[in-house]
Each structure stands twice: as structure tokens, then as C-alpha cells.
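sequence and predicted structure are below.
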Amino acid sequence: MLFSGPGDFLGEGSLVGQPLWIATATAMTQGRALVIEKSEMLRLLHAEQEFSDRFISYMVTRNLRTEEDLIDQLFNSSEKRLARALLLLARYGKPNQALTLPRVSQTVLAEMVGTTRTRVNFFMNKFRKLGFIEYNGALKINNSLISVVLRD
């Protein structure tokens with residue numbers, strides 16, 4: 001359940017010889033991707049300190065997120081996983097957080113959190129009734145949704 005945003009990297013496994021990309025990336029909004037050949041990327045990492053620092057920082061942060069995702073999948077209920085996914089999509093706690101998400105189907109959310117669309121529908125209705133989210137065409141995440149994630 002990795003969520004990327006503007007300026008993030010994809011396909012970095014090829015730098016260490018990963019022959020196939022085993023992940024899937026799906027854009028939820030319009031965007032652009034810049035393809036950098038392996039040789040050029042390696043040159044940039046060696047020659048451009050600022051770029052190299054940003055790349056390393058991104059990779060360490062992404063590694064931590066992957067660990068958090070694994071722990072989330074192993075130990076949290078689907079309700080907490082959905083709440084966390086919605087907060088991550090809304091970029092909770094980040095500068096310029098969205099709070100209003102692009103259209104995302106309950107089927108896609110179910111795939112993200114590893115549950116069924118029926119369970120997602122149940123929890124989305126529950127979150128709406130409790131005032132954690134609002135949706136009428138667009139999905140608005142209220143900061144109070146964090147209470148679901150923090151709850152024991």
C-alpha cells in the first residue's frame with residue numbers, strides 16, 4: 001500500500017539488477033512520468049549531491065512505509081487499514097494535504113487494504129455516520145479519522 005506523490009521515484013529496483021518490475025503503479029489523477037535511463041540515473045546519483053540525498057531520503061522513507069504497511073496488514077483490522085489508507089491518500093500530516101480525494105472506487109480501496117468491497121462499503125458508511133468522512137461526488141477526509149487508527 002505505498003502511496004506516491006509528486007517527485008517520487010518508481011522502478012528503482014532496476015538500479016540493482018532487478019530484471020522485472022514486480023509492483024504496479026496506478027495514477028489516480030493526471031500526472032507525468034520522467035523516464036531516466038539506468039546509466040544516466042547512476043551518473044546523477046554520483047555527480048549530483050542534492051539529487052542523491054533526495055533519492056536516498058526517499059528510499060529510506062519508502063522502506064519505512066513498507067515496514068509499516070506489513071505491520072498494518074499483519075496486525076490491524078480491515079477497518080483500521082481502511083482508515084490508514086484514506087489518511088495516507090489524503091496526505092494526512094503533510095504540507096499541502098489534499099483532504100479531498102479524487103474519485104476512488106470501493107473496489108480499489110478494498111484491493112488497497114486487502115478486504116472485500118462489501119467490508120469497505122460497511123466501514124465507509126460507518127465513517128460517514130461518525131463524521132470522519134464526507135462524500136457527495138468527492139471524498140473529504142476529516143482529521144478526526146485518525147482516531148480510528150489510534151484506537152486500541
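Structure received.

what is the neighbour count of the residue lying closest to residue 145 once chain neighbours are set aside?
Leaving aside its sequence neighbours, residue 145 sits nearest to residue 132 (C-beta to C-beta, 6 or more residues apart in numbering; 4.1 Å). To be clear about C-beta, it is placed using only N, CA and C from the backbone, and glycine gets the same treatment. A count of neighbours around residue 132, defined by other C-beta atoms under 10 Å, yields 21.

just residue 16 next, same as before
Neighbour count of residue 16, defined by other C-beta under 10 Å: 6.

could you pull up phi and psi at it?
Backbone torsions of residue 16, given as degrees, to the nearest 10, read phi -110, psi 20.

what's near enough to touch residue 82?
109, 113, 115, 120, 123, 124 (C-beta atoms under 8 Å, 6 or more residues apart in numbering).

in which helix or strand does it reside?
Per DSSP states H and E, residue 82 falls inside helix 78-89.

tell me the mean pLDDT over that helix?
Rounded to a whole number, the mean pLDDT of helix 78-89 is 90.

parallel or antiparallel, which strands does the helix or strand just after it pair with?
Downstream of helix 78-89, the first helix or strand assigned by DSSP H and E is strand 100-101. In the sheet, strand 100-101 lines up against strand 139-141 (antiparallel) (DSSP bridges).

this completes my enquiry, with thanks.
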